[in-house]
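Undergrad: When you get a sec, could you give me coordinates for this:
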Amino acid sequence: MEWLLQVPILLFSIIFHEYAHGYAAYRHGDDTAYLMGRLTFNPIPHIDPFGTILMPALCALSGLPMFGWARPVPVNPLRLDRPRADMSWVAFSGPLSNLFLAVLSALLYKAAALAVPLTGPGLASTLLTGLRFAVIINLALAFFNLIPIYPLDGGQVLLGRLPDGALRVYEKHVPYGIYIIFALILTGVLKHVIIVPVYYALTLLAFLGLPVI
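TA: As a prediction, this is how the structure comes out:
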């Protein structure tokens, strides 16, 4: 029944991710997301039928790690102050928001662990489990989206930051990016691409006095 905790955590995390994209775009001159009602934490405008509903349901039924995504926030690069450079910041804001949530959840985990005598073991156990999921889910979302393959956020960041010569080479993969991602999923490589940085991030948090595992 752990999915009862994981689903709302995942839902909030992916909505926060998309809100961060829209807010970053707004701060850099593009109000498209705001005008379309997407600069909100109301989950309804962000729901993607497959990524927000079906995918988490399949994860819960199959016992797989909870995963999903929301509808991408609309961004018009031409309305940004500096279209190419600003678009990379807009892209990076999504994974950065998940890293922020992961660290915040780790801090709350530490506080909740210290407050066990006040909350009681039952409530404390549920709270600690939920916060542990929040750390892991947000780290996984951050590192997945930072994979440097278009249309993931990592790919968008490189498109805005690579020098012209490297950019021309990198752009050649863009039409095939989604197929590359599917291939990574089907071969099981993607799991390891995400697990390794998540493991090291959890190790770093533990080193900083914020262990959650």
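Undergrad: Only C-alpha atoms from now on, for both contacts and neighbour counts.
TA: OK.
Undergrad: ok, now how distant is R168 from G51?
TA: Spatial separation of R168 from G51 under the definition C-alpha to C-alpha, to the nearest Å is 31 Å.
Undergrad: So those two - more neighbours on which side?
TA: Neighbours per residue (other C-alpha atoms under 10 Å) separate R168 from G51, with G51 holding more: 16 against 12.
Undergrad: Provide the secondary structure category for the more buried one.
TA: In the three-state summary, G51 is assigned as helix, counting by DSSP: H, G, I helix; E, B strand; the rest coil.
Undergrad: for this protein, which helix is longest?
TA: Residue-count comparison of every helix in the chain, with assignments taken from DSSP state H, identifies helix 83-114 as the longest.
Undergrad: any idea how far it is from the chain center?
TA: In terms of C-alpha atoms, centre = their mean, to the nearest Å, the centre of helix 83-114 is set 8 Å apart from its chain centre.
Undergrad: could you give me the average pLDDT of that helix?
TA: In this model, helix 83-114 has an average pLDDT of 95.
Undergrad: can you pull the buried residues of that helix?
TA: 83-103, 105-110, 112-113 (16 or more other C-alpha atoms under 10 Å).
Undergrad: now do stretch 47-61
TA: If you call a residue buried by 16+ other C-alpha under 10 Å, then stretch 47-61 has these buried ones: I47, D48, G51, T52, I53, M55, P56, A57, L58, C59, A60.
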